[in-house]
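> 3D model of this:
(2 chains)
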Protein chains: 2
Amino acid sequence: MIRLTRRAAMAAGTAIGATLATPGAGATRRYRRISVEEAFALPETTAALRRAAGGRPSMQSGPIAGPFMDDLFDLGDGRLAKMDSAGIDVQLLSLVAPGVQNAPADEALALAKLANDRVAAAVRAHPTRFAGLAAVAPQRPEETAEELRRAVGTLGLKGAIVNGHTAGVYLDAPQFRPIFRAAASLRVPVYIHPREPLPAMAVAAVPGFTVGWGYGVETGTEAIRLMASGIFDELPDLVIVLGHLGETLPMLLERLDNRYQWETALLGLKRLQRLPSDYFRHNFAVTTSGMNYLRPLRMTIDALGIDRVLFAADYPMEDQAEAVAAVERMPFSANEKAKLFEHNAMRVFGLT
Amino acid sequence: MIRLTRRAAMAAGTAIGATLATPGAGATRRYRRISVEEAFALPETTAALRRAAGGRPSMQSGPIAGPFMDDLFDLGDGRLAKMDSAGIDVQLLSLVAPGVQNAPADEALALAKLANDRVAAAVRAHPTRFAGLAAVAPQRPEETAEELRRAVGTLGLKGAIVNGHTAGVYLDAPQFRPIFRAAASLRVPVYIHPREPLPAMAVAAVPGFTVGWGYGVETGTEAIRLMASGIFDELPDLVIVLGHLGETLPMLLERLDNRYQWETALLGLKRLQRLPSDYFRHNFAVTTSGMNYLRPLRMTIDALGIDRVLFAADYPMEDQAEAVAAVERMPFSANEKAKLFEHNAMRVFGLT
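As a prediction, the model looks like this:
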């Protein structure tokens, strides 16, 4: 159970109507559609991002140029019309990443307050269609915690959004704890939104999680970099095997394709001959090492086809008896188990 | 289709028997169990790891001490007995990570050859129970490619294993291309096995994949670091929301628990009060932003319960109409869609 209780009556501007608000809703739908990671930008925050980036748009600059800018700036009729057209009843609004986190500290705090006032005004103007999250300025943890209390208690915002690291410092640093403490005491969530990775990503090797997370990050990155390097265009018969059910990539195939097309178009990058998922489905096989668990295995088989998934135990680092027993307990047919346990390994590794 | 064709008759020592070899096999099982990521170590390679690490065991040293060392060194009866007990018919053996990749270049190449000779000998001794992968020394790409040709063509090994970066250089670097070219021309796979992440992990921000992969790595790491910092022991009511269906963590819950227990025990680390998946199930909610795809969504709901999954579109970076249409097409009940689209957002964000 999520332990947040529903907040009792809010101070201002948050009376999300109980009735369906949109033309696209349809007569029989029994629920509203609320979408909860929906971005906006302000001219002031965008100008600050531009200054921080020296005016050069990149994946690191934050959104300072691009076809989406008009939509980001619109907190009124244009946005509502697009929501209507999409059948979205309510947007939970948040300042687009990286928020105010690239700005100098004093400016960042002032911009966060401005963003919170503006989004609260949009919510007041359209209380059945919008709700908002508070921007925070981790550069000033105590003050931004105080601002969060204002944003939730006075402005009626629904939580905080923060975009990963600030000047290279991760959110687990003690200096940021006041923000989380404020959110916890206000009983509102903190939405952690992505931003670009740090220059120094050794942070992924977290004690206790070096294997479970850090290794997968490392190896998944290897696979991604190989793909991006064009190696499978040069060597279309090359097969790469990844352990641990593919280091989470089977979960990401559609997203990789989607964002690859988006990112290469946005930045004018030369494209590979095929989409990432094509390479993954054609040039990779994955094994179950360390991941002999039904849910991720079933999803992986659904994503790749059972012919690409090979049993492995990671002996002696894992208990191989348990690995066998786990797969044997799973509701796969004898034919499917034969593929998992034998036939796929035979084909992929040329075993006789 | 994996494009590797089954290799025709191999030169030596690879006649994996067609009959069931193990007592645990059972009369009705129609297939052998082959497990394909199974590690061994040699005294010589372990000594080299010890020298590279200055004798200090750590997650970065490679396995130079630990309860698994005896099992790693055993390529004979002890290993076979444990396979029998587990019901494993065949192990595909590979030199434990990080292989020879921490050693000086000339030594690495010699050690890789030694490892390949030794594993081939084990396969010759037990041809129905073992097969092997070749170790490589990326420090000497051309020579190790030649050694791979020997390992496959003469020794009968089934492919190559490589453990991520070498001295901080990733596998996509042109200098390593000869290894992949050799594997492709030999029609054998390259198994990329994890090792510890690099000090400089900006490598995860791959052009074209900065969002699809790099962002998820970044944000998943934030979640892991928060968890590891003990924040949820200090603030048990804190709720964190993650987009993109939780940045792959729902796929990893069992593995995170498993490896957390293993890694903290191995290194004698102080443990959190609860297991990683407990925190993830109790202190996190995830949204579908950028991940409105049935397979990962279904797995996420299975892993977390539908009450923890909230609809989001990532407007305007994603097509919100498409996001809505995608979820509406999915085979969830009206009640489930009500939770995804409305009720969960209401509870988590305190919407009214």
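
> which residues does the one helix or strand residue A:124 maps to contact?
In the assignment (DSSP states H and E), residue A:124 maps to helix A:105-125. For helix A:105-125, contacts defined as C-beta atoms under 8 Å, 6 or more residues apart in numbering or on different chains pick out A:12-14, A:40, A:42, A:44-45, A:48, A:75-76, A:93-95, A:99-101, A:103, A:130-137, A:139-140, A:143-144, A:147, A:150-151, A:155-157. For the C-beta atoms, the positions are set from N, CA and C on the backbone; glycine is no exception.

> just the buried ones from these?
The neighbour-count test (16 or more other C-beta atoms under 10 Å in any protein chain shown) marks A:13-14, A:40, A:42, A:45, A:48, A:75, A:93-95, A:99-101, A:103, A:130-137, A:139-140, A:143-144, A:147, A:151, A:155-157 as buried among those.

> touching chain B at all, stretch A:335-352?
Yes - Stretch A:335-352 comes into contact with chain B (C-beta under 8 Å from any C-beta of the partner chain), by way of A:337-338, A:341-343, A:345-352.

> got the buried residues for the helix holding residue A:124?
A:105, A:107-116, A:118-120, A:122-123.

> what about that helix, distance to the chain center?
24 Å (C-alpha atoms, centre = their mean, to the nearest Å).

> stretch A:161-173 too?
Distance, centroid of stretch A:161-173 to centroid of chain: 15 Å (C-alpha atoms, centre = their mean).

> that one: end-to-end distance?
17 Å (C-alpha to C-alpha, to the nearest Å).

> repeat for stretch A:81-90
For stretch A:81-90, the end-to-end distance is 12 Å (C-alpha to C-alpha).

> that stretch near chain B anywhere?
Yes - residues of stretch A:81-90 contacting chain B under C-beta under 8 Å from any C-beta: A:82, A:83, A:85, A:86, A:87, A:88, A:90.

> what residues sit buried inside that stretch?
Result for stretch A:81-90 [16+ other C-beta under 10 Å]: buried residues A:82, A:83, A:84, A:86, A:87, A:88, A:89, A:90.

> which of the residues you listed fall in helices?
If you go by DSSP state H, those have A:82, A:83, A:84, A:86 in helices.

> got a list of what the second one touches?
Taking C-beta under 8 Å, 6+ apart, we find residue A:83 in contact with A:22, A:89, A:91, A:129, B:320.

> what of the last one?
Applying C-beta under 8 Å, 6+ apart, one finds that residue A:86 lies in contact with A:24, B:313, B:320, B:321, B:323, B:324.

> mind checking pLDDT for the second one?
In the predicted model, residue B:313 carries a pLDDT score of 81.

> count the residues that sit near it.
30 (other C-beta atoms under 10 Å in any protein chain shown).

> what's the closest non-adjacent residue to residue A:89?
residue A:32 (3.9 Å; C-beta to C-beta, 6 or more residues apart in numbering or on different chains).

> ok, the one you found - how many residues close by?
Residue A:32 - counted by other C-beta under 10 Å - has 25 other residues nearby.

> what helix or strand is it located in?
Per DSSP H and E, there is no helix or strand for residue A:32.

> go on, residue A:226?
Going by DSSP H and E, residue A:226 is part of helix A:216-228.

> CA-only coordinates of the helix holding residue A:124 in CSV, if you can.
The C-alpha coordinates for helix A:105-125 follow below in CSV (Å, rounded to 0.1, in the frame of the first residue of the first chain):
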residue,chain,number,x,y,z
ALA,A,105,21.3,29.3,-6.8
ASP,A,106,19.6,32.6,-6.0
GLU,A,107,18.1,32.8,-9.5
ALA,A,108,17.0,29.2,-9.3
LEU,A,109,15.1,29.7,-6.1
ALA,A,110,13.3,32.8,-7.5
LEU,A,111,12.5,30.9,-10.8
ALA,A,112,11.0,28.0,-8.9
LYS,A,113,8.7,30.4,-7.0
LEU,A,114,7.7,32.0,-10.2
ALA,A,115,7.0,28.7,-11.8
ASN,A,116,4.9,27.6,-8.9
ASP,A,117,2.9,30.8,-9.0
ARG,A,118,2.3,30.5,-12.7
VAL,A,119,1.2,26.8,-12.6
ALA,A,120,-1.0,27.6,-9.6
ALA,A,121,-2.6,30.4,-11.7
ALA,A,122,-3.2,28.0,-14.5
VAL,A,123,-4.8,25.5,-12.1
ARG,A,124,-7.0,28.3,-10.7
ALA,A,125,-8.1,29.3,-14.2
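
> okay then, goodbye and thanks.
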